[in-house]
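Chemist: Quick one, what's the 3D model for this:
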Amino acid sequence: MRIAVVGATGNIGRLAVAGLERDGHDVVRVSRSLGVDLQSGAGLDEALRDVEVVIDAMSAPVMSRDETVAYFGTATRNLLAAEERAGVRHHVLLSILGVDRVEGNAHYAGKREQERLVAEAPVPWSIVRAAQFHDFAEMVAGWGESDGVVSIAPLLVQPVAPADVAAVLDEVAVGAPIRGRLDLAGPEPQDLVDMARRSYAARGRSAKFVPTWSGLFGTDMAGDVMLPGDGARLAPTTFDEWLAEQRH
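Modeler: Residues are numbered from 1 along each chain as shown. Below is the predicted model:
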């Protein structure tokens, strides 16, 4: 099967490409660094020639809410239009678990716009809403670190391994479009502050961790807002297992 992966050089895209190629699929890598500009549409028609399925794992830079919605909206419209011209028969979008329960976050607003456009387009679709990745805590801690002090929101999450996310995307891509949303999380809940502390320790780093809601994430993400509901698919890799691999 000829499958295009948008965001092929990113964290999840790279793993999705590797998995598909291991399974013998013909994979087309799509990213700006490889000559395809989703904002202008340049290179899309050529990239999607004879492609049957598209996995969209694109990311966006940090911007304001309006800019993020516009960025995702423009890219997704261009991508879906090119898919329709190419006769693509399945669009698989990577989104975020709980994206419809958090109003104040700019990135979540952009992902909701993506979901809306995908669900309204003529190309058959599937959406995989994944929980935060296992490396999310360390990344967020880095954003909030200053002079050895890390300010970080005490989010309750159920993190999932990037490799597990990529595997599910690949599985969904080669199947029939579900025309719906699949929630995906890891096997157990975790506290983001504790995850960050343990991630730092695994890399031999130390810092003082200060839980706070005054940063990037607000109280609209507190409690069980970020946790999967009934019917979610739970991936097998625990945070402890993933963290052990990072030490090697």
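Chemist: Output the below-cut-off pLDDT ranges for the chain.
Modeler: Within the chain, the ranges that satisfy pLDDT under 70 run 247-248.
Chemist: which is the next helix or strand following the longest helix along the chain?
Modeler: Of all segments of type helix in the chain, defined using DSSP state H, the longest is helix 65-86. Secondary structure here is assigned by DSSP states H and E; on that basis, the next helix or strand after helix 65-86 toward the C-terminus is strand 90-96.
Chemist: who does that following strand pair up with?
Modeler: Strands that pair with strand 90-96, judged by DSSP bridges, come out as strand 53-56 (parallel), strand 125-130 (parallel).
Chemist: by how many degrees do that strand and helix 65-86 diverge?
Modeler: When axes from the mean of the first three to the mean of the last three Cα atoms, to 10 degrees is applied, the directions of strand 90-96 and helix 65-86 differ by 160 degrees.
Chemist: For the helix or strand following strand 90-96, which residues meet the burial criterion?
Modeler: Sequence order places helix 106-120 as the next helix or strand after strand 90-96, per DSSP H and E. When burial is assessed from 16 or more other Cβ atoms under 10 Å, helix 106-120 yields the following buried residues: 106-115, 117-118. The C-beta positions use only the backbone N, C-alpha and C, and glycine is treated the same way.
Chemist: Check stretch 119-128 too.
Modeler: Burial within stretch 119-128, assessed by neighbour count using 16+ other Cβ under 10 Å, is assigned to 121, 123, 125-128.
Chemist: and if you look at stretch 225-243?
Modeler: Judged by neighbour count using 16+ other Cβ under 10 Å, the buried positions of stretch 225-243 are 226-228, 232, 235, 237-239, 242-243.
Chemist: next one: stretch 6-23
Modeler: When burial is assessed from 16+ other Cβ under 10 Å, stretch 6-23 yields the following buried residues: 6-8, 10-17, 19-20.
Chemist: Give me the helices and strands touching the longest helix of the chain, please.
Modeler: For helix 65-86, the packing partners by 3 or more Cβ pairs under 8 Å, 6 or more residues apart in numbering; DSSP states H and E come out as helix 44-47, strand 53-56, helix 106-120.
Chemist: One more pass at 6 Å, please.
Modeler: The criterion is 3 or more Cβ pairs under 6 Å, 6 or more residues apart in numbering; DSSP states H and E, and the helices and strands that helix 65-86 contacts are helix 106-120.
Chemist: The helix it packs on to strand 90-96, inter-axis angle?
Modeler: In this structure, helix 106-120 runs at an angle of 160 degrees to strand 90-96, with the same axes, to 10 degrees as the basis.
Chemist: What are the contacting residues of helix 106-120?
Modeler: 65, 68-69, 72-73, 76, 93, 95-96, 99, 102, 125, 127 (Cβ atoms under 6 Å, 6 or more residues apart in numbering).
Chemist: For the chain, identify the residue most remote from the centre.
Modeler: D147 (30.0 Å; Cα atoms, centre = their mean).
Chemist: Output the strand or helix carrying D240 as PDB, restricted to C-alpha atoms.
Modeler: Following DSSP H and E, the helix or strand that holds D240 is helix 239-246. Once non-C-alpha atoms are left out, helix 239-246 reads as follows in PDB (Å, rounded to 0.1, in the frame of the first residue of the first chain):
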ATOM      1  CA  PHE A 239       6.000   5.200  31.900                       C
ATOM      2  CA  ASP A 240       8.500   3.200  34.000                       C
ATOM      3  CA  GLU A 241       9.300   0.900  31.100                       C
ATOM      4  CA  TRP A 242       9.800   3.800  28.700                       C
ATOM      5  CA  LEU A 243      11.900   5.700  31.300                       C
ATOM      6  CA  ALA A 244      14.200   2.600  31.800                       C
ATOM      7  CA  GLU A 245      14.900   2.600  28.100                       C
ATOM      8  CA  GLN A 246      16.000   6.200  28.200                       C
END
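Chemist: quick one: buried residues of stretch 86-102?
Modeler: 86, 88, 90-99, 102.
Chemist: Among the buried residues of stretch 6-23, which are located in helices?
Modeler: With helices taken from DSSP H, the overlap with the buried residues of stretch 6-23 comprises 11-17, 19-20.
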